[in-house]
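Peer 1: Show me the folded form of this:
(chains A and B)
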Amino acid sequence: MKNILKKLLLIILFFMFINLNVNALDKVDVYFFYSNGCPHCASEKEMLDKLVKENKNIIIHAYEINDKDNYQLWIKKANELEANISGVPFTIIGEAYFTGYSESYNKNAIVNEINKQLIQKDNNINKNEEDNSVNENEEDNSINENDENNYNLDVPIVGKIKTENLSLPIIAILMGVLDGFNPCAMWILLFLISILIGMNDRKKMWILGLTFVATSALMYSLFMIAWLNLALFMGSLSWIRILVAGVAIIGGIINLKSGLNKDSGCRVVNDKKREKIFSRVKRLTSEKTFLLALGGIILLAISVNLIELLCSAGLPVVFTQILALNELSSIDHYLYILLYIIFFMIDDMIVFIIAMLTLKLTGISTKYGKISHLIGGILMIIIGLLLIFNPGLLMFN
Amino acid sequence: MKILKFGALWCPGCLIMKPRWEEIEKENTWLKTEYYDYDKNKEVVDKWNIGSILPVFIFVDKDNDEFLRLIGEQSKKKLINLILTNKDR
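Peer 2: This next block holds a predicted model:
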């Protein structure tokens, strides 16, 4: 068991650190100006749609030029490139542009240019990311009004909010809460609290308890970061997406089954393991040297949460896969994981704080666990099916 | 009739049942109950074949024979109904 723990920890550390400075393959933006009824435009659109299906790193920004604003944008972009506008379709890829389209005329040139851009961005990720983020911000500001997928909500005081920006936070919160009701590591926290309550030193109680909770949160975060980096590292390999979809569907069915089960009690964990952990907790909390006790609690939280990871592997894996599908910066990835973790830890924090303030252990009814299993199960099955059949619906930005 | 209650410190469902039982016992002072901790009272746990789900509530008659077993969280209403129905057993 110790060997398995060590290997698991090494794998998590490997994927956490090896990819901290490696970003996902950057996207290539293709600006496609067309006109309804133009047959060459229709042909090129078909070709571009096919390319996008094969490679999710290609983003097509399509503008119908009979719209006044789209026409103005076309003029502006062409002027920036000092290009003559003689007709549609007009395609811009980076600094290169193509007027017209046919398979024999310039299909290969367009495809080659896209591939060249993909490779260049892969080789110069950091530099291109800076340049592109500046360019994309400028272009996003100018084309926001025209982007047909933008919806804005007018919120009093706050101002305008893009609805696409709400979807990921809502999912993070929802999945974090649902995952939090999973009682996998709760039994250890409850036992620890029961021992802490018996201590005379309240300051020590708070510090040890909060350390356990914080370390648990950290371990979970590290696992999610490692899994996210793995998902990004693998890029758009469809088999990874299908594998995660499989995990989501199987996990969803297990959750549904658990939610529909009439039994509403706690499952007793393996006797030997439980006794070992309990005696360790008792030893640590009675440790005279505070720093040793603190260190021991941290190690306990790490080992316990590593073991319990498999118990709740479904939701965090599915959530990190959704993050990987969306075009986000590294900071955004970590912030969404943080949001997930905050809501994941809410039930633990409630139980801990109430216990520390009232010096009484309270539990959260297993009824809520069942409800969360039902909702979580349905959600995971839906997400699993979407990952297989229509992952685009999970790409919120 | 007597009720044997089996629970554990670390079991959220058992913690939820604790105040419920306190209310029931306060309202029915004639009721006899005994509590056994899953970790501390291993012999009793083994004797009554407590499985892997907690809490467990075993209703025993005057001869100490089990006639009803409830597993998991139970509502106060359901427990009171059962207690009053089997009061004279």
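Peer 1: hey, where'd the strands end up in the chain?
Peer 2: In the absence of a named chain, chain A is used. Per DSSP state E, chain A carries strands over the ranges A:28-34, A:58-64, A:90-93, A:96-99, A:152-155, A:159-162, A:266-267.
Peer 1: actually it's chain B I care about, not the one you picked
Peer 2: In chain B, the strands defined using DSSP E lie at B:2-7, B:32-37, B:53-54, B:56-60, B:66-71.
Peer 1: list the helices and strands the third one packs on?
Peer 2: Put plainly, it is strand B:53-54. strand A:266-267 (3 or more CB pairs under 8 Å, 6 or more residues apart in numbering or on different chains; DSSP states H and E). The way it works is simple: take the backbone N, C-alpha and C, and place the C-beta from them, glycine included.
Peer 1: Paired strands for the strand it packs on, with orientation please.
Peer 2: Paired with strand A:266-267 in the same sheet, following DSSP bridges, are strand B:53-54 (antiparallel).
Peer 1: mean pLDDT lowest for which of the strands of chain B?
Peer 2: Among these, strand B:53-54 carries the lowest mean pLDDT, at a mean of 90.
Peer 1: So for the lengthiest helix in chain B, what gets flagged as buried?
Peer 2: Under DSSP state H, the helix in chain B containing the largest number of residues is helix B:12-27. By 16 or more other CB atoms under 10 Å in any protein chain shown, the buried positions in helix B:12-27 come out as B:12-18, B:21, B:24.
Peer 1: what do you get for stretch B:34-51?
Peer 2: By 16+ other CB under 10 Å, the buried positions in stretch B:34-51 come out as B:36, B:38, B:41, B:45, B:48, B:50.
Peer 1: which one is the second one nearest to, not counting chain neighbours?
Peer 2: Excluding the flanking residues, the one nearest residue B:38 by CB to CB, 6 or more residues apart in numbering or on different chains is residue B:8, at 4.2 Å.
Peer 1: which residues touch the one you found?
Peer 2: A:266, A:268, B:14, B:37-39, B:54 (CB atoms under 8 Å, 6 or more residues apart in numbering or on different chains).
Peer 1: quick one: residue A:221 and residue A:341 touch, right?
Peer 2: Yes. The pair residue A:221 / residue A:341 is scored as a contact, 5.2 Å apart, by CB atoms under 8 Å.
Peer 1: out of those two, which sits in the busier spot?
Peer 2: Under the criterion of other CB atoms under 10 Å in any protein chain shown, the comparison of residue A:221 against residue A:341 puts residue A:341 first, with 21 against 18.
Peer 1: Local confidence estimate at the more buried one?
Peer 2: What the model reports for residue A:341 is a pLDDT of 93.
Peer 1: The longest helix of chain B versus strand B:56-60: what angle between them?
Peer 2: 40 degrees (axes from the mean of the first three to the mean of the last three CA atoms, to 10 degrees).
Peer 1: how many neighbours does residue A:207 have?
Peer 2: For residue A:207, the tally of surrounding residues (other CB under 10 Å) stands at 16.
Peer 1: Which neighbouring residues are in contact with it, exactly?
Peer 2: Contacts for residue A:207 (CB under 8 Å, 6+ apart) come out as residue A:294.
Peer 1: Switch the strands of chain B over to TSV; also include distance to residue A:194.
Peer 2: Putting these into TSV (distance: least, CB to CB, whole Å) gives the following:
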stretch	distance to residue A:194
strand B:2-7	12
strand B:32-37	11
strand B:53-54	15
strand B:56-60	20
strand B:66-71	22
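Peer 1: Select, out of the ones you listed, the one closest to residue A:238.
Peer 2: Residue A:238 sits nearest to strand B:53-54 of all these, at 41.0 Å, using CB to CB.
Peer 1: how about residue A:84, what does it touch?
Peer 2: Applying CB under 8 Å, 6+ apart, we find residue A:84 in contact with A:78, A:99.
Peer 1: Enumerate the residues of the stretch 201-350 of chain A near chain B.
Peer 2: Listed as neighbours of chain B in the stretch 201-350 of chain A under the rule CB under 8 Å from any CB of the partner chain: A:263-268, A:274-275, A:278.
Peer 1: farthest pair in these?
Peer 2: For those, the farthest-apart pair by CB to CB is A:264 and A:275; their separation is 25.4 Å.
Peer 1: More neighbours: the two, which one.
Peer 2: Neighbour count, other CB under 10 Å: between residue A:264 and residue A:275, residue A:264 has more, with 18 against 11.
Peer 1: separation between that one and residue A:365?
Peer 2: 8 Å (CB to CB, to the nearest Å).
Peer 1: ditto for residue A:49
Peer 2: Computed with CB to CB, the distance linking residue A:49 and residue A:365 is 50 Å.
Peer 1: Looking only at neighbour counts, state which of those two leads.
Peer 2: A side-by-side neighbour count of residue A:49 and residue A:365, using other CB under 10 Å, places residue A:365 first with 15 against 11.
Peer 1: That one and residue B:16 touch, don't they?
Peer 2: Yes. Residue A:365 is within contact range of residue B:16, at 5.1 Å (criterion: CB under 8 Å).
Peer 1: Between those two, which contacts overlap?
Peer 2: Common neighbours of residue A:365 and residue B:16 (CB under 8 Å, 6+ apart) are residue B:73.
Peer 1: Point out the residues in chain B that sit beside chain A.
Peer 2: Within reach of chain A by CB under 8 Å from any CB, chain B has these residues: B:8-16, B:38-39, B:52-56, B:71-73.
Peer 1: who are the neighbours in contact with residue A:63?
Peer 2: Counting by CB under 8 Å, 6+ apart, residue A:63 has contacts A:31-34, A:70, A:73-74, A:146.
Peer 1: and if you look at residue A:193?
Peer 2: Applying CB under 8 Å, 6+ apart to residue A:193 gives the contacts A:209, A:351-352, A:355-356, A:361.
Peer 1: contacting residues around residue A:38?
Peer 2: A:88-89.
Peer 1: ditto for residue A:91
Peer 2: If you count contacts by CB under 8 Å, 6+ apart, residue A:91 has them with A:30-33, A:44, A:97-98, A:101, A:110.
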